[in-house]
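> model this:
(2 chains)
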Amino acid sequence: DSGVTQTPKHLITATGQRVTLRCSPRSGDLSVYWYQQSLDQGLQFLIQYYNGEERAKGNILERFSAQQFPDLHSELNLSSLELGDSALYFCASSQTRTNTGELFFGEGSRLTVL
Amino acid sequence: DAKTTQPPSMDCAEGRAANLPCNHSTISGNEYVYWYRQIHSQGPQYIIHGLKNNETNEMASLIITEDRKSSTLILPHATLRDTAVYYCIVRDNNQAGTALIFGKGTTLSVSS
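Below is the predicted model:
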């Protein structure tokens, strides 16, 4: 158990819909990272937040957005869903802004878009 | 893009050492080498990291060549539970908040 909690574990929805994925980082961790893993793309970095502020952006689509709340949990919002958005979405956390590279990953949220 | 090159797959017999190579010929002086693994769609798990010296922990050993252009992750006594995708990643720890960028990794299959 990494200490990172993601909900829901599984989600099935239709094209055009909007979903929210939630992540609770390990106690004391200020940084939260979101990754997407689809069969043909591998693990893709989406976005990182540190203590409520956006720190880095990766390959995140404009239809996707994220935020980190004062209690440090984070949400990833996916809108206008397409079939290609079906993937595992992982959240990871780390302790410090200049972290040593040891990220703790949750078990992921599996999104299926029909 | 990932800055590392790994073989797509490797096999290992249970109980034997698994040696997973990684090439990172463009690594810079500030970049560390990290290894993670992912067991069947679970969240990736940190294994070990190093800068220039060899490192060992309870999970594995990391051997980095003197020129730092390649490294080897060693699982001394592989078990069936070590079957996973292993990712070698280079990262500059001096850049605040730099995310880990994963490549395709090596799929290690351990068989009895």
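> show me where the chain has strands.
I went with chain A, as the question did not name one. Remark: strands assigned in chain A by DSSP state E are A:5-7, A:10-13, A:19-24, A:31-38, A:42-50, A:53-57, A:64-68, A:74-78, A:87-94, A:104-105, A:109-113.
> nope, chain B
Ranges of strands in chain B, per DSSP E, are B:9-13, B:18-23, B:31-38, B:45-50, B:55-56, B:61-64, B:70-75, B:84-92, B:106-111.
> okay if I get those strands as CSV plus distance to chain A?
(Each C-beta comes from the backbone N, C-alpha and C, glycine too.) Formatted as CSV, the strands of chain B follow (distance: least, CB to the nearest CB, whole Å):
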stretch, distance to chain A
strand B:9-13, 15
strand B:18-23, 15
strand B:31-38, 5
strand B:45-50, 5
strand B:55-56, 13
strand B:61-64, 13
strand B:70-75, 14
strand B:84-92, 5
strand B:106-111, 12
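> nearest to residue A:4, of those strands?
Of all the strands of chain B, strand B:45-50 sits nearest to residue A:4, with 11.6 Å by CB to CB.
> for the closest one, packing partners?
strand B:31-38, strand B:55-56, strand B:61-64, strand B:70-75 (3 or more CB pairs under 8 Å, 6 or more residues apart in numbering or on different chains; DSSP states H and E).
> give the buried residues for it.
Neighbour-count burial for strand B:45-50, counted by 16 or more other CB atoms under 10 Å in any protein chain shown, picks out B:45-50.
> tell me the one of those nearest residue B:27?
Taking CB to CB as the measure, residue B:27 sits nearest to residue B:50 out of the buried residues of strand B:45-50, at 11.5 Å.
> what sits against that closest one?
B:32-33, B:62, B:64, B:71 (CB atoms under 8 Å, 6 or more residues apart in numbering or on different chains).
> mind checking pLDDT for the closest residue in space to it that isn't next to it in sequence?
The shortest distance from residue B:50 to any non-neighbouring residue, by CB to CB, 6 or more residues apart in numbering or on different chains, is to residue B:62 (4.8 Å). Note on residue B:62: pLDDT of 98.
> surely residue B:62 touches residue B:49?
Yes: counting by CB atoms under 8 Å, residue B:49 is a contact partner of residue B:62 at 7.3 Å.
> shared neighbours, these two?
Common neighbours of residue B:62 and residue B:49 (CB under 8 Å, 6+ apart) are B:33, B:35, B:55.
> pipe those into JSON lines and attach neighbour count and pLDDT per row.
Shown next, in JSON lines, are these (neighbours: other CB atoms under 10 Å in any protein chain shown; pLDDT from 0 to 100):
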{"residue": "B:33", "neighbour count": "25", "pLDDT": "94"}
{"residue": "B:35", "neighbour count": "24", "pLDDT": "96"}
{"residue": "B:55", "neighbour count": "17", "pLDDT": "95"}
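> so, low pLDDT: which residues of the chain?
Just going to use chain A. Within chain A, the ranges that satisfy pLDDT under 70 run A:96-101.
> look at chain B instead
Those would be B:1-2, B:94-97, if you go by pLDDT under 70 across chain B.
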